[in-house]
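Student: Generate coordinates for the sequence data below:
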Amino acid sequence: MTATAAGIGALALWAFLALLSRLAAGLPPLQLTAMAFAVGGAGALAWLAWRGQLGLLRQAPVVWAHGVGGLFGYHALYFAALAYAPAVEANLLNYLWPLLIVLLSAPILGLPLGPRRLLGVALGVAGCALLLGGGLGAGEYPPGAWFGFLCAIGCAFVWALYSVTAKRLARVPTGAVGGFCAASALLALAAHLGFEATVAPDARQWLAALLLGAGPVGAAFFLWDAGMKRGDPRLLGTLAYAVPVTSTLLLIAVGEGALGWGVLAALALVVGGGWLAATARG
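Tutor: The predicted structure follows:
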């Protein structure tokens with residue numbers, strides 16, 4: 001499997017992230033983060049131990065800060081976004097991250113940022129304005145939804161920054177991600193115990209946490225790490241725009257939202273703007 005193909009595999013798994021997160025509805029965000037990462041981290045560490053590669057966890061502090069900060073920060077914000085805001089809208093705001101990957105690649109990786117990419121950014125911002133503004137009846141959102149929307153935008157920035165700066169850490173072995181998952185589980189558990197009341201999961205919530213840890217919050221990290229470090233980040237950034245479409249349709253299919261004209265227009269602007277920016281030449 002090539003590195004770029006590995007990144008595509010991660011995108012396929014992430015298409016189910018929102019659906020599985022909603023399947024776990026009722027669990028506090030930090031508790032869900034801890035449960036999902038515990039599953040993913042335990043599986044990854046077992047795999048490393050079986051291959052005799054636990055030594056890969058010996059990394060510099062900056063590497064640990066990058067890995068744990070990116071994984072824990074993104075998912076804690078993402079689960080909070082879906083817990084407090086309408087799922088379809090929060091999910092679409094989260095998927096600003098492929099657009100932000102293109103945008104941040106200019107100052108961080110030295111890639112050019114021309115008029116076409118700037119136009120793509122403008123379209124993405126317009127999609128967000130439509131999503132949160134009067135076009136979708138902003139007055140109908142419950143007060144807590146705006147905290148969720150801010151979390152969704154925050155997690156988009158965190159994941160874009162994590163993904164772009166991964167190119168600077170290309171020599172860090174992908175296997176080290178297993179340690180980042182385990183550390184994220186411990187950090188999420190500590191934060192949960194400090195700020196949330198524990199909820200006893202039912203069978204549905206346990207299933208959701210297990211599936212999250214095995215796929216979108218587990219194997220996908222290894223695939224994405226390989227893709228961003230040794231694959232084509234621009235191609236992956238472009239292909240990533242299939243994920244919000246698929247993810248949104250899955251949410252609507254299970255009754256988590258309605259596919260109205262406002263959602264369709266916002267989706268077209270966010271996805272179209274990102275595609276325009278990602279496919280610009282030069």
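Student: for the helix or strand where Leu236 lies, what is the average pLDDT?
Tutor: Using DSSP states H and E, Leu236 falls within helix 233-239. Average pLDDT, helix 233-239: 73.
Student: Pop out the phi and psi values for the nearest residue to Gly9 once chain neighbours are set aside.
Tutor: Nearest non-adjacent residue to Gly9, counting by Cβ to Cβ, 6 or more residues apart in numbering: Leu223, 4.5 Å away. The way it works is simple: take the backbone N, C-alpha and C, and place the C-beta from them, glycine included. Here is the backbone geometry of Leu223 (degrees, to the nearest 10): phi -70, psi -40.
Student: Leu104 versus Leu223, what's the distance?
Tutor: 21 Å (Cβ to Cβ, to the nearest Å).
Student: out of the two, which sits in the busier spot?
Tutor: Between Leu223 and Leu104, counted using other Cβ atoms under 10 Å, Leu223 has the larger neighbour count: 25 against 19.
Student: Could you report the distance from that one to Leu189?
Tutor: For Leu223, the distance to Leu189 - Cβ to Cβ - is 25 Å.
Student: do Pro107 as well
Tutor: 35 Å.
Student: neighbour-wise, which of those two wins?
Tutor: Leu189 (17 against 10).
Student: Please look at the more buried one and Ala36 and confirm they touch.
Tutor: No: Leu189 is beyond contact range of Ala36, at 11.5 Å (criterion: Cβ atoms under 8 Å).
Student: Can you pull out the low-pLDDT segments for the stretch 151-282 of the chain?
Tutor: Residue ranges of the stretch 151-282 of the chain with pLDDT under 70: 234, 237-238, 278, 280-282.
Student: Helices of that one, start to end?
Tutor: 177-195, 203-214, 220-230, 233-239, 242-253, 261-278 (DSSP state H, counting those that start in this stretch).
Student: Pick the most buried one from these.
Tutor: Of all the helices of the stretch 151-282 of the chain, helix 220-230 carries the top mean neighbour count, a mean of 24, counting by mean count of other Cβ atoms under 10 Å.
Student: Okay, angle between that helix and helix 203-214 too, please.
Tutor: Interaxial angle of helix 220-230 relative to helix 203-214 (axes from the mean of the first three to the mean of the last three Cα atoms, to 10 degrees): 20 degrees.
Student: Check which helices and strands helix 220-230 sits against.
Tutor: Judged by 3 or more Cβ pairs under 8 Å, 6 or more residues apart in numbering; DSSP states H and E, helix 220-230 is in contact with helix 3-14, helix 177-195, helix 233-239.
Student: let's see 7 Å
Tutor: When contacts are defined as 3 or more Cβ pairs under 7 Å, 6 or more residues apart in numbering; DSSP states H and E, helix 220-230 packs onto helix 3-14, helix 177-195.
Student: SS state for the residue lying farthest from the centre of the chain?
Tutor: Relative to the centre of the chain, and counting by Cα atoms, centre = their mean, the farthest-placed residue is Gly52 at 29.8 Å. Put simply, Gly52 is coil when judged by DSSP: H, G, I helix; E, B strand; the rest coil.
Student: List the contacts of the residue nearest to Gly9.
Tutor: For Leu223, the contacting residues are 6-7, 9-10, by Cβ atoms under 7 Å, 6 or more residues apart in numbering.
Student: Out of the residues you listed, who's the most crowded?
Tutor: Gly7 (27 neighbours).
Student: Touching, that residue and Trp224? I think so.
Tutor: Yes: counting by Cβ atoms under 7 Å, Gly7 touches Trp224, with 5.8 Å between them.
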